[in-house]
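*Asks:* would you be able to build a 3D model of this:
(chains A and B)
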Amino acid sequence: MRTDVREERLLVISDLHLGNPFSQASHTLGGFLEYALERRFNLVINGDGLEILQADIGTLAHASAGVVSGLRRLLEADRRVYYIVGNHDIALEHLIGSWMGDNICPFLNVRSGDQRIRIEHGHLYDPFFFKYPRLYEWVTKMAGPFLHVRPELYTFWIRYQQIKRGFASLVSRKGTQQPTPFHEGAEMLLKRGFDAVVFGHTHKPEDLPIAGGRYLNAGNWVKGGTYVEIDHGEVTLKRWDPKQLTG
Amino acid sequence: MAKKITQNEFERVCAPGEIIVKEGSPGREMFIIRSGRVVISKRVGEREAELAVLGKGDFFGEMSLLEGQPRDATARAAADTKLLVIQPGGLLIRIRRDPTFAYEMLQKMSGRVRDLNAWLVRSMDTGETTKVPEATRTLVGFSLKGARED
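*Replies:* Below you'll find the predicted structure:
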């Protein structure tokens, strides 16, 4: 298992949740993978690429078929694909490992240009996940059947998160955005010699200066299409536009 | 020069050539390099042998922190260097808030055991070492009986 690599051109995507009824990744990701191939980027899937907590293996196999072909084309063209394990795909670690070999990992430390970048899913900094792991798993699994019936529940959940964050900012003394546990986790990492930290998990794309470095969140491909591009040490949060494909 | 970073960690700034820790001296803290370079060396007979040059993100001094034993090697700043200094209690708090740090420490120590195993096998093959000290056997998880039978 490799956790320290040098990569000059790398794209990072998070939270595809392939197999989940609310995920649009199987429809939107194909063009992006072609773009990675065309522009000679290597790729990191930063956790929750596959969904096994809220979907059965048959649905997952069907939803991931196109994406798996795209990934195979990248590998056949000698591009590297790294898979970082998240909390919705951890049960599939051994299966993904049998396909990805050395390139499946719990986190990735990347040297690019003169920068040191940590890429990690980020669920370890989610207070609900680490304080009540069993309850978290139970609640997530229970939500699965409801999502199959009413996929728009995902949108309500995202709205609820936004309102909660807005309310927290409103009642805070400064009236500004308060650091979340994810920002605090990133700060701990930045203090030990990383220039940038890239998480996923929250589904919220972010790019913030923290502790003399940067915290980025690659967002999601469930309803969105954001990614982080690393090019010779330059780290940028971007939104995918199919017009980027020239071929 | 030391600057407090959190309740449990502080920053130390070192000038080029400054000795950070000296072999044989007592010490209970470990260091993570935030910027700069550090040379690790050890006395071998009359000369000082350079073991490694460490850079940003690397760490050292964890053996003294974990075992409370004197420093096993000397560390010297090779450039303007900023270090994050961690005490034993602070390490536990860091691991609680930054759990992958424990993974990286274990990875590094596992690598050392692997290197030591390889060195031991090479030495025994070439006849340089026939008797493996008990402590080394424990460290590398080696069965001396098995090794002799081989």
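*Asks:* who's in contact with residue 36?
*Replies:* All of this refers to chain A. Contact partners of A:A36, counting by CB atoms under 8 Å, 6 or more residues apart in numbering or on different chains, are A:L11, A:N42, A:L43, A:L74, A:R79. In this view, the C-beta of every residue, glycine as well, is placed from N, C-alpha and C.
*Asks:* actually it's chain B I care about, not the one you picked
*Replies:* Contacts of B:G36 (CB under 8 Å, 6+ apart): B:C14, B:G55, B:K56, B:A77, B:A78, B:A79, B:D80, B:T81, B:K82.
*Asks:* which of those count as buried?
*Replies:* Using 16 or more other CB atoms under 10 Å in any protein chain shown as the burial test, the contacts of B:G36 include B:C14, B:G55, B:K56, B:A77, B:A78, B:T81, B:K82 as buried.
*Asks:* which bits of chain B sit near chain A?
*Replies:* Where chain B comes near chain A, counting by CB under 8 Å from any CB of the partner chain, the residues are B:5, B:9, B:32-35, B:56-59, B:84, B:94, B:97-101, B:103-104, B:107.
*Asks:* ranges for the strands of the chain?
*Replies:* Defaulting to chain A. Applying DSSP state E to chain A gives strands spanning A:4-6, A:9-13, A:42-46, A:81-84, A:104-105, A:108-112, A:115-119, A:196-199, A:206-210, A:213-217, A:226-231, A:234-239.
*Asks:* right idea, wrong chain: chain B
*Replies:* So, for chain B - with DSSP E - the strands run B:2-4, B:9-14, B:19-21, B:30-35, B:38-44, B:47-54, B:59-60, B:74-77, B:81-86.
*Asks:* list the buried residues of the second one.
*Replies:* This means strand B:9-14. B:E9, B:F10, B:R12, B:V13, B:C14.
*Asks:* nearest spatial neighbour of A:M100, skipping sequence neighbours?
*Replies:* Spatial nearest neighbour of A:M100, chain neighbours left out: A:Y83 (5.0 Å); criterion: CB to CB, 6 or more residues apart in numbering or on different chains.
*Asks:* surely that neighbour and A:I45 touch.
*Replies:* Yes - look at A:Y83 against A:I45 with CB atoms under 8 Å: they come within range, at 5.0 Å.
*Asks:* chain neighbours aside, what residue packs nearest to A:V110?
*Replies:* The shortest distance from A:V110 to any non-neighbouring residue, by CB to CB, 6+ apart, is to A:I117 (4.5 Å).
*Asks:* neighbours around A:K131, how many?
*Replies:* When neighbours are defined as other CB atoms under 10 Å in any protein chain shown, A:K131 has 9 of them.
*Asks:* how close does it get to chain B?
*Replies:* Separation of A:K131 from chain B (CB to the nearest CB, to the nearest Å): 12 Å.
*Asks:* show me the contacts for whichever residue of chain B sits closest to chain A.
*Replies:* Nearest residue of chain B to chain A, counting by CB to the nearest CB: B:G57, 3.6 Å away. B:G57 sits next to A:N109, A:R116, A:R192, A:G193, A:F194, B:I32, B:I33 when contact means CB under 8 Å, 6+ apart.
*Asks:* in CSV: those, plus pLDDT and distance to A:D126.
*Replies:* Output for the contacts of B:G57, formatted as CSV (pLDDT from 0 to 100; distance: CB to CB, whole Å):
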residue, pLDDT, distance to A:D126
A:N109, 97, 21
A:R116, 97, 24
A:R192, 93, 21
A:G193, 94, 24
A:F194, 97, 20
B:I32, 97, 25
B:I33, 97, 29
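*Asks:* and the pLDDT for residue 2?
*Replies:* Just so you know, I chose chain A. We have a pLDDT of 88 for A:R2.
*Asks:* try chain B instead
*Replies:* pLDDT for B:A2: 72.
*Asks:* that one is in contact with B:E29, isn't it?
*Replies:* No - using CB under 8 Å, B:A2 and B:E29 do not qualify as a contacting pair, with a distance of 10.9 Å.
*Asks:* find the residues that touch each one of these two.
*Replies:* With CB under 8 Å, 6+ apart, B:A2 and B:E29 have common neighbours B:V85.
*Asks:* what residues of stretch B:24-34 count as buried?
*Replies:* B:G27, B:E29, B:M30, B:F31, B:I32, B:I33, B:R34.
*Asks:* and the end-to-end length of that stretch?
*Replies:* 25 Å (CA to CA, to the nearest Å).
*Asks:* tell me how chain B divides into domains.
*Replies:* B:1-88, B:99-150 (automatic domain parsing).
*Asks:* any idea how far A:I84 lies from A:I117?
*Replies:* Counting by CB to CB, to the nearest Å, the gap from A:I84 to A:I117 is 13 Å.
*Asks:* ugh, wrong one, A:E51
*Replies:* Relative to A:I117, and taking CB to CB, A:E51 is found at 26 Å.
*Asks:* what stretches of chain B score poorly on pLDDT?
*Replies:* For chain B, the stretches flagged by pLDDT under 70 are B:1, B:129-150.
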